[in-house]
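Asks: what follows is a protein structure lacking sequence information:
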């Protein structure tokens, strides 16, 4: 029992020395970051070298134990070596190969996990930066359009112009004082839309009417800021404004199988040429794809003669 335990402990110490020496050598030479092809070119000779080291240390250890336990033995070391070297070499190569493969597989897995985590972090940073950049483009776009509307009223209807300025102040307070938030609740987004449409009604008077319908249980659900407002602005600018008699904008926000469906309908004709897409629509399309990782859908087209329908479908998160 004592001899077996001593043999085991001595094996553990010797083989830890061998594998630890290899670990230090591999780390100092950057083997942990090599690709598979480069690594294999180094592992094969490393297995042979470690197998030889195993052989020499094991033979010497075994011979010394033999002399200690059997002092009457007169067998020479070279004879002992010749008798046992082949078996010990094969055992050493097998053990070292198993250890090396396990060691490098572990480090390869750790490296892949680290790379995946870093890539995910960089992806999130890039995504946030891109969304923030798009958001900063949209605020001035909205502001300039509103100011142009007020400009048109200053001479024609000063009273409506003053009311427009009050509405714009409320809109800017809601929209711009939200800081760097990329999303907002549906309730707040629709509040912004209502103020915007009232602002536009002062300019278009009876030519602009609107209806808003939204499921109450979705009020606190978060969506991209300016998403509905962008569709409504597009409906006013490219639809209602170009109709002699104006028209009605119908807005609906409904749940649908784990998604939110946003519909904006208006009188007008949609031209399918890409050049017909303004900054707002291009911006919205890109933001939807980034924010929802390709799971959002956006479409705009002629629903029937003289009616344009814009649709956003996004997952409920």
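Replies: Received it, and whenever you're ready, just let me know what you need. Keep in mind it's a predicted model, so treat the numbers as computed, not measured. Numbers count the residues shown, from 1 in each chain.

Asks: any buried residues in stretch 196-209, and which?
Replies: For stretch 196-209, the neighbour count (16 or more other CB atoms under 10 Å) marks 196-204, 207-208 as buried. C-beta here means a position set from N, CA and C on the backbone, and glycine is covered the same way.

Asks: what are the buried residues along the helix or strand that contains residue 13?
Replies: In this structure, residue 13 sits in helix 2-28 according to DSSP states H and E. Judged by neighbour count using 16+ other CB under 10 Å, the buried positions of helix 2-28 are 10, 14-15, 18-19, 22, 26.

Asks: in the helix or strand following it, which residues are buried?
Replies: Using DSSP H and E, the next helix or strand after helix 2-28 towards the C-terminus is helix 36-69. In terms of neighbour count (16+ other CB under 10 Å), helix 36-69 has its buried residues at 39, 43, 46-47, 50-51, 53-55, 57-59, 62-63.

Asks: any idea which of the buried residues of stretch 196-209 is least confident?
Replies: The member of the buried residues of stretch 196-209 with the lowest pLDDT is residue 203, at 77.

Asks: I'd assumed residue 152 was in contact with it.
Replies: Yes: taking CB atoms under 8 Å as the definition, residue 203 is a contact partner of residue 152 at 6.2 Å.

Asks: mind telling me what element residue 79 is part of?
Replies: Taking DSSP H and E as the criterion, residue 79 maps to helix 77-156.

Asks: show me which positions of the helix or strand just after that helix end up buried.
Replies: Sequence-wise, the next helix or strand downstream of helix 77-156 (DSSP H and E) is helix 158-176. Neighbour-count burial for helix 158-176, counted by 16+ other CB under 10 Å, picks out 160-161, 163-165, 167-168, 171, 175.

Asks: ok now stretch 259-271, how far from the chain's centre?
Replies: 29 Å (CA atoms, centre = their mean, to the nearest Å).

Asks: which parts of it are buried?
Replies: So for stretch 259-271, counting by 16+ other CB under 10 Å, buried means 259-268, 270.

Asks: and of the buried residues of helix 2-28, the nearest to residue 32?
Replies: Proximity of the buried residues of helix 2-28 to residue 32 (CB to CB) peaks at residue 26, which lies at 6.6 Å.

Asks: kindly indicate which of the buried residues of stretch 259-271 lies nearest residue 221.
Replies: Distance to residue 221, by CB to CB, is smallest for residue 260 among these, at 6.5 Å.
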